[in-house]
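Trainee: Fold the following, please.
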Amino acid sequence: MMYLLSPEGREAMRAVAGRPMLYAFDFDGTLAKISPDRESVKLSRSIHEWLAELAKRAPCAVISGRGLRDLAPRVNGAVPYLIGNHGLESPLTPSVTLLWADGICAGWRAAMKGELAMQLADLGIEVEDKRYSLTLHYRKREEEDRIRPILLTLLSRLNPAPRLIIGKQSINLLPPGKGGKGAAALELMRHLRQPAFFFIGDDETDEDVFALTEGLAMGVRVGLHAGSRAKFYIKHQGEIEDVLRFLIHRLDRTPEQGQRADRPAMTQCKEAEHDG
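Mentor: Model (predicted):
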């Protein structure tokens, strides 16, 4: 993997930003810091501003494991395109598909409140209901290696068998054969008539995108990970602002460094009005 903010990585990013492109981002751990309290996660003010500025210049999307009802207020209008539930919940998803997914998840919810309830409680599992998918969260990270095999055995009893996506201290359950961030990103790219897309994500749920053999112009993982299929990485979530700033300056053909050039255009406009 190549460090995105190295001289070589920046040169590769310049080449990408020189072409028509959809820019897509994961939410938790990428645009926003991860927190044990999922309800408290939100965009920082500066990230929101930079993301909104990028969206004025090119098509932008957020593709998250969260449901759209949960995701939308956290993004707060920074980008026009939102995809939730690991790609299943999209403006392009037919309503019949969502009804089908809702029905399947209803059956799984019933099983988890019935025959599997005691075992899940004993393991300390928290069930997050996102209507069209479910996520099971481990409470104690140090017990993950012990809990996961037991949990996978329990989940094998569900009917129909779910598509499982392993996340950070979590297992995501999607209806069989449906969903996936990669397929959703490609569908949105084609819908917007863009020839390629750029994507940044931070964990195993994003490898579905990095594994694509078409459409993906640049895949970037947050954190160096030897097993990732992403070709590029940034060191930590805090560097996402540097990436957004770089892309904006490249699209504007403005300097990529310097205090005044490194501030959102809207802030510069306000300063100009004040100076006048």
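
Trainee: Show me what the longest strand seen in the chain is packed up against.
Mentor: In the chain, assigned by DSSP state E, the strand with the most residues is strand 216-222. Applying 3 or more Cβ pairs under 8 Å, 6 or more residues apart in numbering; DSSP states H and E, we find strand 216-222 packed against helix 7-17, strand 197-201, helix 207-210, strand 232-234. C-beta: built from backbone N, CA, C; applies to glycine.

Trainee: Please repeat the previous calculation with a cut-off of 6 Å.
Mentor: With contacts taken as 3 or more Cβ pairs under 6 Å, 6 or more residues apart in numbering; DSSP states H and E, strand 216-222 sits against strand 197-201, strand 232-234.

Trainee: Take those strands and lay them out in a markdown table including mean pLDDT and distance to residue 5.
Mentor: A markdown table is the format used below for those (pLDDT from 0 to 100; distance: least, Cβ to Cβ, whole Å):
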| stretch | mean pLDDT | distance to residue 5 |
| --- | --- | --- |
| strand 197-201 | 98 | 12 |
| strand 232-234 | 98 | 6 |
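
Trainee: where's the closest residue to residue 162 other than its chain neighbours relative to residue 180, distance?
Mentor: Closest residue in space to residue 162, ignoring its immediate chain neighbours: residue 173 at 3.9 Å, by Cβ to Cβ, 6 or more residues apart in numbering. Remark: distance between residue 173 and residue 180 (Cβ to Cβ, to the nearest Å) = 13 Å.

Trainee: got it, and residue 42?
Mentor: Taking Cβ to Cβ, one finds residue 42 at 26 Å from residue 180.

Trainee: Now do the strands in the stretch 101-250 of the chain.
Mentor: 125-129, 134-138, 163-167, 170-174, 197-201, 216-222, 232-234 (DSSP state E, counting those that start in this stretch).

Trainee: Report the backbone C-alpha coordinates of the second one in PDB.
Mentor: The one in question is strand 134-138. The C-alpha atoms that make up strand 134-138 are tabulated as PDB, following Å, rounded to 0.1, in the frame of the first residue of the first chain:
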ATOM      1  CA  LEU A 134     -29.000  -5.900  11.600                       C
ATOM      2  CA  THR A 135     -25.700  -5.300  13.300                       C
ATOM      3  CA  LEU A 136     -24.600  -7.300  16.400                       C
ATOM      4  CA  HIS A 137     -22.100  -5.400  18.600                       C
ATOM      5  CA  TYR A 138     -19.700  -7.000  21.100                       C
END
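
Trainee: and residue 195, backbone torsions?
Mentor: The phi and psi values for residue 195, taken as degrees, to the nearest 10, are phi -80, psi -20.

Trainee: in which helix or strand would I find the nearest residue to it once chain neighbours are set aside?
Mentor: Distances taken as Cβ to Cβ, 6+ apart place residue 20 nearest to residue 195, at 5.8 Å, with adjacent residues excluded. For residue 20, there is no enclosing helix or strand under DSSP states H and E.

Trainee: Run through the residues that contact residue 27.
Mentor: 62, 64 (Cβ atoms under 6 Å, 6 or more residues apart in numbering).

Trainee: What does it show for phi and psi?
Mentor: Torsion angles, degrees, to the nearest 10, at residue 27: phi -100, psi -80.

Trainee: same deal with residue 95?
Mentor: Torsion angles, degrees, to the nearest 10, at residue 95: phi -60, psi -30.

Trainee: do the same with residue 116
Mentor: Backbone torsions for residue 116, taken as degrees, to the nearest 10, come to phi -100, psi 0.

Trainee: contacting residues around it?
Mentor: Contacts of residue 116 (Cβ under 6 Å, 6+ apart): residue 154.

Trainee: What's the per-residue pLDDT of it here?
Mentor: Here, the pLDDT recorded for residue 116 equals 94.

Trainee: where's it relative to residue 158, distance?
Mentor: 8 Å.

Trainee: Which of residue 173 and residue 180 has more residues huddled nearby?
Mentor: residue 173 (24 against 20; other Cβ atoms under 10 Å).

Trainee: Was I right to think the more buried one contacts residue 132?
Mentor: No - here residue 173 does not reach residue 132: they are 10.4 Å apart, not a contact under Cβ atoms under 6 Å.

Trainee: so where's the stretch 101-250 of the chain shaky on pLDDT?
Mentor: Judged by pLDDT under 70, the stretch 101-250 of the chain has its weakly predicted residues at 140-142, 178-179.
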